[in-house]
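K.L.:
I would like the atomic coordinates for the input below:
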Amino acid sequence: MKLNQEIIYNEKEGIEYIQFKKLLEYGIKHAYTLKGEGINFRSNSKEAKESYEKIFKALNLDINTLVKPFQNHTSNIKCIDKVIPISQLKDIDGLITNKKNISLVTTNADCILFILYDPVKNVIANIHSGWRGTFQKIVEKAVLKMIGYYRSNPKDILCFISPSIRKCHFEVGEDVKQLCEYIFSFTGKTQEFIESMKIQNKEDKYLIDTVLINKILLEELGIKKENIIDCEICSVCNSEKISSYRVEGREFKLATMIVSL
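P.N.:
Numbers count the residues shown, from 1 in each chain. The predicted structure follows:
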């Protein structure tokens, strides 16, 4: 797995993870976990409790500050001002807070996870966006919540993009392609993020760049291009170290993204 200049690798407490250099410069505790022996953040797995204990200890965070939603590929976002249980966060795919001693947690296995950070208002968000979340524009809604609830200026917001399935492997059929064209026709850029694949003796397939779609949405909201920091890691290409549902199938393991002010 190749890391670009924006990313650093760490291993502590028996768990491997990557971090964004820019967020560390602001003193923001965060991590995106890599695969490892006994590491799995699926809530029904035997390894989940120990995996969370390891990453929280590695980051010197109190595990009692953990706030994790019950993700369901929605565009629902919750503003958090105290620690609340997952039972109160059903069908939530994004969390935002301006409070310390709260650790926002999301999980993925191909979907995009975004960290949004406003260093001026000191507001942080952790957003889960699969292709359904992308088509529902969840990251756009998160930015608008930061603007509306916390008076953030989009020019101040930094966006960090996790490992996820990339255009090279996100293959879809005609139905999803047409839906994508319909939703994002307003951008005038569908040819940039939809590529046709001709497969002999099979129905036509298409490759969609969901990361690029989200970057376009963010820039149209006024977020500076230089403030959108992408790890550029494909979960499928790097499935030996990154969790991937498309590669692992039913036995997939979940990675987690944690961030705390």
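K.L.:
tell me the contacts of the residue nearest the centre of the chain?
P.N.:
Central residue check for the chain by Cα atoms, centre = their mean: the C-alpha nearest the mean position is that of L113, 0.1 Å away. Applying Cβ atoms under 8 Å, 6 or more residues apart in numbering, we find L113 in contact with 32, 106-107, 126-129, 161-162, 164, 257. Where C-beta positions appear, they are placed from N, C-alpha and C, glycine not excepted.
K.L.:
again with E248
P.N.:
Counted by Cβ under 8 Å, 6+ apart, E248 has contacts 109, 239.
K.L.:
Tell me how far it lies from K35.
P.N.:
Going from E248 to K35 by Cβ to Cβ, to the nearest Å gives 10 Å.
K.L.:
if we take the contacts of L113, which one ends up nearest to I80?
P.N.:
Nearest to I80 among the contacts of L113 is N126, at 9.7 Å by Cβ to Cβ.
K.L.:
What is the host helix or strand of the closest one packed up against?
P.N.:
Applying DSSP states H and E as the criterion places N126 in strand 123-129. With contacts taken as 3 or more Cβ pairs under 8 Å, 6 or more residues apart in numbering; DSSP states H and E, strand 123-129 sits against strand 94-97, strand 103-108, strand 112-118, helix 138-150, strand 255-260.
K.L.:
any chance of the contacts of L113 in TSV, with neighbour count too?
P.N.:
Shown next, in TSV, are these (neighbours: other Cβ atoms under 10 Å):
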residue	neighbour count
Y32	25
T106	29
T107	23
N126	30
I127	27
H128	25
S129	30
I161	23
S162	26
S164	26
M257	24
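K.L.:
biggest separation within these, which pair?
P.N.:
Longest span within the contacts of L113, Cβ to Cβ: T107 and I161, 15.7 Å.
K.L.:
circling back: so what strands line up beside the strand holding N126?
P.N.:
If you go by DSSP bridges, strand 123-129 pairs up with strand 94-97 (antiparallel), strand 112-118 (antiparallel).
K.L.:
what is the rounded mean pLDDT of the longest one?
P.N.:
Right, the one you point to is strand 112-118. For strand 112-118, mean pLDDT rounds to 98.
K.L.:
Over to the shortest one?
P.N.:
Strand 94-97 shows an average pLDDT of 98 in the prediction.
K.L.:
any idea how far E232 is from E171?
P.N.:
Distance of E171 to E232, computed by Cβ to Cβ: 19 Å.
K.L.:
By mean pLDDT, which helix or strand of the protein comes out lowest?
P.N.:
When each helix and strand of the chain is scored by mean pLDDT, DSSP states H and E, strand 194-197 comes last, with a mean of 91.
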